[in-house]
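> Give me a 3D structure for the following:
(2 chains)
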Amino acid sequence: MTSEIDPSAHEDRIGRTETYDIGRVTGLMARRYARAVEDDNPLFHDQEYAREQGYDDIVVPPNFLSAIIDHTEGPPSDQLREDGLDPSRFPIELPPEAILMGGGQDLTIHRYVTAGESISVEETVTGVYQRESERMGTLTFIEQTAEYYGDEDDHVLSCDKTMIVGDRQ
Amino acid sequence: MTSIDEVEVGDELPELVKDPTIPQLFRYSAITWNPHRIHYDAEYAETEGHPNILVQAHLHGAVIQELMMDWLGGDGRLRELSWSNVGRATPDRELHVGAEVTAVDPETRTVEFDAWTRTSETTCAEGTVAVELFE
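Alright, predicted model coming up:
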């Protein structure tokens, strides 16, 4: 049960920062993301057009970086949770039967990343707390902030995000 | 050319209508390396209380981004994009994406919007956007 999660037991996680690399974001990755959205913006597909607009190469759709669920290859599939997610990707231990929901993101886009850049990330847990929901019972909220840096170690994107953990109804 | 002089509080952008499909959701999960079964296994999704597989939370943000960047064209850039997922969307049902101007600052050339995604049944995402228009 999600209500068995004790936020106070995870206070030592608050403020802890993990640093990792997404690696080089290729033009193909950017175009595939745009295709998956069915977004035909020429900034994402047409190198010549993007250069006419003053960019070095095609633009990486700004919310692609923060939409990546796992920057690693992940574990073998027999080590995934029943819901398919990697148990090691959560900043706190979750009950196996808990269900997870994306709560949203707040993005500040300092500049557009273009194809070919290598991206590194600093991700920090900023809060773990619970609220009661009429429909869902006790919900646990895990808040994180992620700072993304580009080729010149410059700050390209900030993302505050919320993950919501609940019980099956 | 989108000019800041022509933008007023209360203006609504032309609605973007998306028609998410199962192959589209598969591709979105693949490129974001998202193994969550609620996005590709309808039988499993039902065990979590969902009527079908679900449109990914981040895809709601992505279609708001699409609406805004289509409107901007080459005349500006996206500075802030925030959204909260407040309802569910499933494939093969239209997803309506909209935005309304809430503030215009000619000095910083910034325009702010409320933005949303909706199905015929519910609001799925609510958010805000800030864009900068170039001179």
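> Give me the below-cutoff pLDDT ranges for chain B.
For chain B, the stretches flagged by pLDDT under 70 are B:1.
> Centre-most residue in it?
For chain B, B:Ile64 is the residue whose C-alpha lies nearest the centre (Cα atoms, centre = their mean; 2.4 Å).
> Excluding chain neighbours, what is closest to that one?
B:Ala115 (4.7 Å; Cβ to Cβ, 6 or more residues apart in numbering or on different chains). Bear in mind the C-beta positions are built from the backbone N, C-alpha and C, glycine included.
> Can you classify the one you found by secondary structure?
strand (DSSP: H, G, I helix; E, B strand; the rest coil).
> and it, what is it in contact with?
B:64, B:67-68, B:83, B:97-100, B:126-129 (Cβ atoms under 8 Å, 6 or more residues apart in numbering or on different chains).
> does residue 8 sit in a helix, a strand or a coil?
As the question left the chain open, I've gone with chain A. Classified using three-state DSSP, A:Ser8 is helix.
> wait, chain B
coil.
> Could you check how many residues crowd around it?
Residues contacting B:Glu8 under the criterion other Cβ atoms under 10 Å in any protein chain shown number 9.
> ok, back up a step: correct me if wrong: the residue nearest to the centre of chain B contacts B:Leu81.
Yes. Between B:Ile64 and B:Leu81 there is a contact at 6.6 Å, judged by Cβ atoms under 8 Å.
> Next, the contact list for A:Asn63, please.
Applying Cβ under 8 Å, 6+ apart, we find A:Asn63 in contact with A:105, A:107, B:58, B:61-62, B:65, B:81.
> And the strands in the chain, which stretches?
You didn't say which chain, so I picked chain A. For chain A, strands defined by DSSP state E occupy the ranges A:17-24, A:99-109, A:118-133, A:137-149, A:155-166.
> please go with chain B instead
Going by DSSP E, chain B shows strands at B:16-18, B:76-85, B:95-105, B:110-118, B:123-133.
> how about these, which one is nearest A:Ser88?
Closest to A:Ser88 of these, according to Cβ to Cβ: strand B:76-85, at 23.9 Å.
> Report pLDDT for the residue in chain A sticking out farthest from the centre.
Computed with Cα atoms, centre = their mean, the maximum C-alpha offset from the centroid of chain A is found at A:Glu52, amounting to 30.6 Å. We note a pLDDT of 97 for A:Glu52 in this prediction.
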